[in-house]
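Novice: let me see the structure of the following:
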Amino acid sequence: MDATQWQSQVYVILFDAQSHRILIEQTGLGWRIPRLPIAQLWLVPLQTINQLVLEHYGVVSTILQLLHQIIDRTSQTVKSLRVLEVHEQQSVLPVNCCWLALADVDATLFVNDEHYAAAQAFFGALAGPELQHVAWMRLGWYQPWATWLGQTLTDLGYHLTGPIEQVKTSNLSFVARIASDQGWIYCKTALQTRLMLAESRVLTTLARYLPNHVPSPIVAPNAPEYLLLADLGPDLGPNASVATRADVLASFAQLQQASLGFLDTLAARGFVQRDLAVLIAAIDVFAADRLVIEALGPELHTRFVAHKAELITRCEQVQSYTIPTTLTHGDLHPRNVAKHAQGYCFFDWAGAGLSHPFFDLQDVFHEPDPSIKRQLRAAYLAQWLDYEPIERLEALFEQIEPLYALHQALTYQALLHALAPTARLEFAWALPFWVNQALADLA
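Specialist: Okay, here's the model as predicted:
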């Protein structure tokens, strides 16, 4: 999809926590929540949003969260509403702007009911948990964190040469970067679930065994929840060639096999066991889970229950192959891979675990072109010929697809349990999608 052909409508609720007010602007039709002048861009970088707010309103801000987003594929328009926390007013407001307190929110003031409802809902949410389910979305979190980051990097010998830039804020994670005399430094913190370790802990362990293929974290004393990394250079990106993608898969298969030499150590250090035996045991629990039942709806849940026995049988069939449990990445695709002199560096290990290695083949399973899919599959399977002949490996590839989809569904099940109820809406698509995919692949 070419993002440059899309139109973005980015609205922002700029909230000043000290005065408990939001910014509104006047148009020829009336007052509205500010809209940023962005055109022909769907995937709007957070740095762009913060920079435009500074340029047009003189306000230094950071993004707390995405309140809602509407994607209209017919008109190729994306309409989004984000909440930003104001940290500083650097210049005088434009003449068509003013700060609005809760007591002054009036339906007749706004140009349309949608903006009035958004302002009202935001002020109402301040008293509830909606903005507070993860630390980085809490009002007041950013400034102490920014102070900690600057002091920590200075103490570690970095000379900082620029301001902090937000890269990502979502219900799952927060990523920022800052320029230094040694290049960009990235800081990440993420939601923890029962299937995910802190990524700083994952990389600290893996860097000892796979130093040329995973990034070595910058050790931040007394802050294991924050992952600090030096810039790895550009990722391979969504437009990586088929040859490059095939080479990545072959290299990763070799990495997975290398992990067999230290798998017991990974297990002892808390890497989550997600092998086929665990998957079998999880199927009944998954089917009985209240959140799963609500997410799937009666019809899809009934279909899943009716096929539980087939899924268990498929797991048992896959267990008959001699492919061992290995280290798995959890989100392996070209945007999580960088190229360097020693080969490929794999990053974003938040979903790492110990599982069937073929569960990392999302780049192959999701490839829509049959010819390309065959090339990618061949490159990966060729690395496993010491374990099974090619005919059995190809059969295994076909047999494991529904189990891969089920594996993904279990990941989102754990995620839903870790999220606040209001944040679950962002992932309402996930369980129905993956369960439907598992049943379709099973057929």
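Novice: buried sites along stretch 372-389?
Specialist: For stretch 372-389, a neighbour-count test (16 or more other C-beta atoms under 10 Å) marks 373, 375, 376, 377, 378, 379, 380, 381, 383, 384, 388 as buried. The way it works is simple: take the backbone N, C-alpha and C, and place the C-beta from them, glycine included.
Novice: narrow these to those in helices?
Specialist: 373, 375, 376, 377, 378, 379, 380, 381 (DSSP state H).
Novice: which element is the closest residue in space to the last one that isn't next to it in sequence on?
Specialist: Closest residue to residue 381 in three dimensions, ignoring its sequence neighbours and counting by C-beta to C-beta, 6 or more residues apart in numbering: residue 393, at 4.4 Å. Using DSSP states H and E, the element containing residue 393 is helix 390-418.
Novice: hmm, who's touching stretch 13-31?
Specialist: Applying C-beta atoms under 8 Å, 6 or more residues apart in numbering, the external contacts of stretch 13-31 come out as 32-34, 53, 57, 59, 61, 64, 67, 81-86, 93-94, 96-102, 109-111, 115, 118-119, 122-123, 139-140.
Novice: quick one: buried residues of that stretch?
Specialist: Within stretch 13-31, the residues that count as buried by 16+ other C-beta under 10 Å are 13, 14, 15, 16, 21, 22, 23, 24, 25, 31.
Novice: next: stretch 297-311.
Specialist: Using 16+ other C-beta under 10 Å as the test for burial, stretch 297-311 gives 300, 301, 304, 307, 311.
Novice: quick check: mean pLDDT across that stretch?
Specialist: The average of the pLDDT scores along stretch 297-311 is 98.
Novice: residue 153 - how many residues pack around it?
Specialist: Neighbourhood size, residue 153 [other C-beta atoms under 10 Å]: 20.
Novice: likewise for residue 347?
Specialist: Residues near residue 347, counting by other C-beta under 10 Å: 22.
Novice: same check on residue 417?
Specialist: Using other C-beta under 10 Å: residue 417 sits among 15 other residues.
Novice: residue 427 now?
Specialist: Neighbour number of residue 427 under other C-beta under 10 Å is 16.
Novice: ok, now residue 328?
Specialist: By other C-beta under 10 Å, the residues close to residue 328 number 26.
Novice: these two touch, right, it and residue 349?
Specialist: No: if you go by C-beta atoms under 8 Å, residue 328 and residue 349 don't touch, sitting 9.8 Å apart.
Novice: just to revisit the earlier point, buried ones only from the contacts of stretch 13-31, please, as a ChimeraX command.
Specialist: Selecting only the buried entries of the contacts of stretch 13-31 in ChimeraX, with 16+ other C-beta under 10 Å as the criterion:
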select :32,33,34,53,57,59,61,64,67,81,82,83,84,85,86,97,99,100,109,110,111,115,118,119,122,123
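Novice: for the helix or strand harbouring residue 162, buried residues please.
Specialist: Using DSSP H and E, residue 162 sits within strand 160-169. Buried residues in strand 160-169, counting neighbours by 16+ other C-beta under 10 Å, are found at 164, 165, 166, 167, 168, 169.
Novice: picking up where we left off before, what packs against the helix holding residue 393?
Specialist: Under the contact definition 3 or more C-beta pairs under 8 Å, 6 or more residues apart in numbering; DSSP states H and E, helix 390-418 sits against helix 276-288, helix 290-306, helix 308-319, helix 362-365, helix 370-381, helix 430-442.
Novice: out of these, flag the one nearest residue 46.
Specialist: The closest of these to residue 46 is helix 430-442. By C-beta to C-beta, the value is 22.8 Å.
Novice: what's the closest one in contact with?
Specialist: By C-beta under 8 Å, 6+ apart, the surrounding residues in contact with helix 430-442 are 292, 295-297, 300, 303-304, 307, 310-311, 314, 401-406, 408-409, 412-413, 415-416.
Novice: what count of nearby residues applies to the residue nearest to residue 381?
Specialist: Neighbours of residue 393 (other C-beta under 10 Å): 21.
Novice: any idea how far it is from residue 378?
Specialist: Using C-beta to C-beta, to the nearest Å, we find residue 393 at a distance of 10 Å from residue 378.
Novice: now do residue 69
Specialist: Distance from residue 69 to residue 378, by C-beta to C-beta: 39 Å.
Novice: report pLDDT for residue 321.
Specialist: Looking at residue 321, the pLDDT reads 98.
Novice: SS state for it?
Specialist: On the three-state scheme (DSSP: H, G, I helix; E, B strand; the rest coil), residue 321 is labelled coil.
Novice: for it, grab the count of nearby residues.
Specialist: Residue 321 has 19 nearby residues by other C-beta under 10 Å.
Novice: so it makes contact with residue 392?
Specialist: Yes: using C-beta under 8 Å, residue 321 is in contact with residue 392, at 6.6 Å.
Novice: ok, residue 418 touching residue 172?
Specialist: No: with contact defined as C-beta under 8 Å, residue 418 and residue 172 do not form a contacting pair (9.4 Å).
Novice: now the common contact residues for those two.
Specialist: Residues touching both residue 418 and residue 172 (C-beta under 8 Å, 6+ apart) are residue 191.
Novice: pull stretch 368-376 out as PDB, backbone CA atoms only.
Specialist: C-alpha atoms of stretch 368-376 as PDB (Å, rounded to 0.1, in the frame of the first residue of the first chain):
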ATOM      1  CA  PRO A 368       0.600 -13.500  -1.000                       C
ATOM      2  CA  ASP A 369       2.600 -14.400  -4.100                       C
ATOM      3  CA  PRO A 370       2.800 -18.200  -4.500                       C
ATOM      4  CA  SER A 371       6.100 -18.100  -6.400                       C
ATOM      5  CA  ILE A 372       7.800 -15.900  -3.800                       C
ATOM      6  CA  LYS A 373       6.400 -18.000  -1.000                       C
ATOM      7  CA  ARG A 374       8.000 -21.100  -2.500                       C
ATOM      8  CA  GLN A 375      11.400 -19.300  -2.700                       C
ATOM      9  CA  LEU A 376      11.200 -18.200   0.900                       C
END
